[in-house]
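Novice: The sequence and its predicted three-dimensional model are supplied below.
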Amino acid sequence: MIRITTALLAFALLVGCTSQASHEAPEYVNANCPMMGNPVEEDGGSTEWNGQTIGFCCDGCGDKFDALDDAGKQAALDKHNK
């Protein structure tokens with residue numbers, strides 16, 4: 001019984017470590033922030049628009065992007081990501 005418990009515990013720890021290690025960053029459709037033009041940072045935040053993940057250089061840019069209408073969002077993306 002102790003062997004089974006030990007084996008289950010070891011398996012649970014292994015699975016927990018594996019799932020954390022395989023966490024990948026989102027794939028952004030843009031390399032540069034649509035608001036500032038700076039490179040997208042992993043901790044800069046992101047939003048979903050038109051089925052795509054848009055990345056930003058900092059937290060404040062996401063709110064500014066979300067406030068734009070669809071035409072403004074596309075223009076911002078096009079301006080900094082040619």
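Specialist: That came through fine.

Novice: how many other residues sit next to residue 51?
Specialist: By other CB atoms under 10 Å, 6 other residues sit near residue 51. Any C-beta I mention is one placed from the backbone N, CA and C, and that applies to glycine too.

Novice: any idea how far residue 41 is from it?
Specialist: Remark: distance between residue 51 and residue 41 (CB to CB, to the nearest Å) = 22 Å.

Novice: Equivalent analysis for residue 80, please.
Specialist: 14 Å.

Novice: can you check residue 56 too?
Specialist: Distance, residue 56 to residue 41, by CB to CB: 7 Å.

Novice: Of the two, which one has the most company?
Specialist: Each of residue 56 and residue 41 has its neighbours counted (other CB under 10 Å); residue 56 has more, 26 against 14.

Novice: Skip the chain neighbours and tell me the closest residue to the residue most central in space within the chain.
Specialist: The residue lying closest to the centre of the chain (CA atoms, centre = their mean) is residue 26, at 3.6 Å. Excluding the flanking residues, the one nearest residue 26 by CB to CB, 6 or more residues apart in numbering is residue 53, at 4.9 Å.
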